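# return a 3D structure for these sequence lines:
(one chain, ligands or ions: 1)
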Amino acid sequence: MSSEQLSPSPREQLAHQLAQTVATALREDLSSQDRALLIVSGGSTPVPFFEALSRETLPWDRVDVTLADERWVAAEADDSNARLVRKHLLINRAEAATFVPLTTEHDTPEEGTDEVAQRLKGLSWPASVVILGMGGDGHTASLFPDSRELDLALSTDAHVVAVRTPSQPQARITLSAERLHHARRHYLHLTGDDKRAVLGSAMAGDNVRELPIRAFLSCPLAVYWAP
Ligand SMILES: O=C1O[C@H](COP(=O)(O)O)[C@@H](O)[C@H](O)[C@H]1O
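Numbers count the residues shown, from 1 in each chain. Predicted structure coming up:
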């Protein structure tokens, strides 16, 4: 049997369903506004979603795409979320979208936050869609339980926060919780029994510092999960 004849895996089906939902949302918003803002997450989970979304028909030339968070690395580095987006989302029909990166030429995210914030201020808020991911430690965007700036990122009205996190090798920049909330629709895209268990723990408690995903559980947040 050729690979084309195999039925899609649950993760592929999930990615397609999420892509159709996001495309419908963007089309809806673009019927009444000039530009729409899509905020995506990095990591490994979104790759099939990005590729499915890139094939959707919509006026991509009126869509701005940015990230929930980024590692402070060169745009071409293997662990750059921008590289991931360029490789897997800004292709096919979505090649016409405008990408707004979260890094600058500065050496550190602390030096770059003002420039990034200025870029973000020029976008069409509220965002049409925010797609969050979640790590096994309950982090989302770069809001990690051990981030030194977690309290700041959860409370500030700044657009972005530079984040230093002992458990992570790179410095990062993250949209603040306030900015991530400033959207019409929120989706949480996650896979695997381990992450489902973490989400279950998050829903059973209320200490945001322990599991930062808790800051978004009442957005409302639509959960897209597959085994
Ligand atoms: O570090 C990150 O991890 C999370 C989840 O990544 P995954 O590889 O488990 O899918 C992601 O949501 C976040 O944007 C990213 O910077």
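
# in a helix, residue 95, correct?
Yes. The assignment for residue 95 is a helix, going by DSSP: H, G, I helix; E, B strand; the rest coil.

# if you count residues, where's the longest strand of the chain?
The residue-count maximum for a strand in the chain (DSSP state E) belongs to strand 183-191.

# after that strand comes which helix or strand?
The helix or strand immediately downstream of strand 183-191 is helix 193-203, counting by DSSP states H and E.

# near the ligand, which residues of this structure?
41-45, 68-69, 81, 133, 135, 140-142 (Cβ under 6 Å from any ligand atom). No exception for glycine: its C-beta is placed from N, CA and C like everyone else's.

# got a list of what residue 146 touches?
If a contact means Cβ atoms under 8 Å, 6 or more residues apart in numbering, then residue 146 has 165-167 as its contacts.

# repeat that with 10 Å
The neighbours of residue 146, taking Cβ atoms under 10 Å, 6 or more residues apart in numbering as the test, are 137, 139, 164-168, 209.

# look at the residue minimising distance to the centre of the chain and report its pLDDT.
Most central in the chain under Cα atoms, centre = their mean is residue 41, positioned 2.2 Å from the mean C-alpha point. Among the per-residue scores, residue 41 holds a pLDDT of 98.

# I'd assumed residue 134 was in contact with it.
Yes. Between residue 41 and residue 134 there is a contact under Cβ atoms under 10 Å: 8.7 Å.

# who touches both of these two?
Residues touching both residue 41 and residue 134 (Cβ under 10 Å, 6+ apart): 140-141, 188-189.

# could I get the residues you listed in JSON lines, plus columns for pLDDT and neighbour count?
JSON lines is the format used below for these (pLDDT from 0 to 100; neighbours: other Cβ atoms under 10 Å):
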{"residue": "140", "pLDDT": "98", "neighbour count": "25"}
{"residue": "141", "pLDDT": "98", "neighbour count": "31"}
{"residue": "188", "pLDDT": "98", "neighbour count": "22"}
{"residue": "189", "pLDDT": "98", "neighbour count": "23"}
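
# closest to residue 54 among those residues?
Nearest to residue 54 among the shared contacts of residue 41 and residue 134: residue 189, at 15.4 Å, using Cβ to Cβ.

# tell me the contacts of the closest residue to the closest one other than its chain neighbours?
The spatial neighbour of residue 189 that comes closest, neighbours along the chain excluded (Cβ to Cβ, 6 or more residues apart in numbering), is residue 224 at 4.9 Å. Taking Cβ under 10 Å, 6+ apart as the criterion, residue 224 is in contact with 14-15, 17-18, 21, 45, 49, 131, 187-191.
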